[in-house]
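Chemist: Coordinates for the following, if possible.
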Amino acid sequence: MATMRDTTINATLLSHLQTWQGKSDTLSDFLTAMPVAALSATLDRDDPAPAAGTALPPLWHWLYFLPHARQSEIGPDGHPQRGGFLPPVPLPRRMWAGGRLRWDATNPLRVGQEVQRTSTIQSIQHKAGRSGELLFVLVQHQLRNAQGLALTEEHDIVYRSAAQPGEAAPAPQKPPLDGQAVWSRSITPDDVLLFRYSALTFNGHRIHYDRKYVTEVEGYPGLIVHGPLIATLLLDLLRRSLPGAQVATFDFRAVRPTFD
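Modeler: Sure, this is the predicted structure:
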């Protein structure tokens, strides 16, 4: 198994990376209908065609404000090269570790709106775990439409050391309410589902669609299901079970990778 080279994060390097704390970036985007229709099809929903004024389902804002790095700026893992808004962390494995979201029920995001997103790096923390070094970057996003603040999101990004030869995959964990769920739905993630979600979110990270790369370079046993896709499926289950319910807050944390 090949491994990607990484660098030990010493006090000097950590201090340099932490100079990114407080950095902000502001983008604008139009909430167009096509991505909403495409995600609806990807989640196997029979929704009416979206039109101007259609409320955006919770977490579907991830279809917008997508990265537009040029092909020459893409790194070996399929992500844009390190640096720019996010710090140039030398640890090779990068994943979405969780988040916390707060919606303003009186000001929903809707198809047809122009929305501004302001992103700020809140903190950069270094930890050493059993599987090597970890660096956590906390980014806050605030989304505003013409009526004002509509959504505040805290996004946790984790960077990890390269896999070591013979390193075992994390052991599966049972849900805390295994067998006692009020609602449930079984979904088997396959290559097509993962590829379609990657395409919709313009996510070039090869761990989600390139089996040779994810197993031979990053050392995982299979394609990794996107953390945001799992979160979206959880709230999609709520929408199927309680049509019309409004989500005010949602917190989630990735405990371990989920594979196809």
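Chemist: Tell me where the model's unsure across the chain.
Modeler: Applying pLDDT under 70 to the chain flags residues 1-7, 131, 163-172, 177-179.
Chemist: Tell me where it has helices.
Modeler: Remark: helices assigned in the chain by DSSP state H are 11-17, 33-42, 191-200, 211-216, 227-241.
Chemist: Could you dump those helices into CSV with distance to residue 135 and mean neighbour count added?
Modeler: Heads up, the C-betas are built off the backbone N, CA and C, glycines and all. Shown next, in CSV, are the helices of the chain (distance: least, CB to CB, whole Å; neighbours: other CB atoms under 10 Å):
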stretch, distance to residue 135, mean neighbour count
helix 11-17, 7, 12
helix 33-42, 31, 17
helix 191-200, 24, 17
helix 211-216, 21, 16
helix 227-241, 17, 18
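Chemist: out of the ones you listed, which comes closest to residue 91?
Modeler: Of all these, helix 11-17 sits nearest to residue 91, with 10.4 Å by CB to CB.
Chemist: Indicate each strand paired with the strand ranked longest in the chain and its parallel or antiparallel sense.
Modeler: The longest strand of the chain (DSSP state E) is strand 114-129. Strand pairing for strand 114-129, determined by DSSP bridges: strand 24-30 (antiparallel), strand 132-145 (antiparallel).
Chemist: Any buried residues in the shortest one, and which?
Modeler: If I follow you right, that is strand 24-30. Buried residues in strand 24-30, counted by 16 or more other CB atoms under 10 Å: residue 29.
Chemist: which one of the strands paired with strand 114-129 lies closest to residue 186?
Modeler: Among those, strand 132-145 sits nearest to residue 186 (CB to CB), with 31.7 Å.
Chemist: roughly how far is stretch 48-55 from the heart of the chain?
Modeler: Distance, stretch centre to chain centre, for stretch 48-55: 24 Å (CA atoms, centre = their mean, to the nearest Å).
Chemist: Touching stretch 229-238 from outside, list them.
Modeler: 39, 43, 45, 57-60, 62, 99, 183-185, 187, 189, 193-194, 197, 245, 247, 250, 252, 254, 258 (CB atoms under 8 Å, 6 or more residues apart in numbering).
Chemist: coming back round to it: would you list the strands paired with strand 114-129 in JSON lines and tack on distance to residue 209?
Modeler: Converted to JSON lines, these look like this (distance: least, CB to CB, whole Å):
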{"stretch": "strand 24-30", "distance to residue 209": "24"}
{"stretch": "strand 132-145", "distance to residue 209": "24"}
